[in-house]
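[1] quick one, structure for this:
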Amino acid sequence: MNQRKKFMINCFIFMVLSLIGFALIAASTMNPSQYSGNGNFAILFTLPTVPLYLLFLYYLSRWIYKIINGISMKNRLTFLGCMAVVFLVLIFLEVRYIQNLVILLGGGPERPESRIYRFGWYNQYTNTIYFNWITFSLGMIISVMISIGYSLIKKSSRHN
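    Residues are numbered from 1 along each chain as shown. Here you go, the predicted model:
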């Protein structure tokens with residue numbers, strides 16, 4: 001089995017495991033309209049999900065790097081530009097998501113009327129700020145952009 005195929009298989013396995021972890025975190029995050037005194041149950045899923053997600057991003061970046069080397073410089077730059085646009089759109093969506101959640105919670109942890117008063121920013125109501133489809137996609141986009149950028153640097157250094 002060639003190296004590119006190994007990276008693809010590992011990437012797929014860790015992607016599925018990461019998606020399961022993100023789904024479990026989302027499922028165990030409390031709805032802002034409910035009261036909870038049970039603590040942050042999602043932390044049990046966060047601990048294994050973070051390293052699995054980082055491994056997924058590692059294998060994704062290695063796989064993309066292997067693929068991107070066979071593509072022309074112009075196409076790499078075009079793809080990088082497209083990824084930058086997607087990155088900016090995802091950042092906008094994440095900011096809107098956070099703003100909406102904070103409104104639903106009645107404010108941040110410093111506001112006495114807030115559902116998360118004195119909890120801090122990572123709690124049973126805010127897990128999905130950090131673990132949602134937007135942040136999952138942002139990590140992928142950043143990994144792809146780093147791989148493309150690294151391949152551009154390597155290619156330009158070979159020509160000098």
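[2] tell me the confidence at residue 7?
    Turning to residue 7, the model gives it a pLDDT of 81.
[3] wait, it sits on residue 67?
    No. Under the contact definition of C-beta atoms under 8 Å, residue 7 does not touch residue 67, with a separation of 9.1 Å. Every C-beta, even on glycine, is put in place using the N, C-alpha and C of the backbone.
[4] ok, these two, which is more surrounded?
    Comparing residue 7 with residue 67 by neighbour count (other C-beta atoms under 10 Å), the higher total belongs to residue 7, at 20 against 14.
[5] contacting residues for that one?
    Residues in contact with residue 7, defined by C-beta atoms under 8 Å, 6 or more residues apart in numbering, are 59, 62-63, 66.
[6] where's it relative to residue 84, distance?
    Between residue 7 and residue 84 the distance is 24 Å, computed by C-beta to C-beta, to the nearest Å.
[7] can you check residue 73 too?
    Per C-beta to C-beta, residue 73 is found 16 Å from residue 84.
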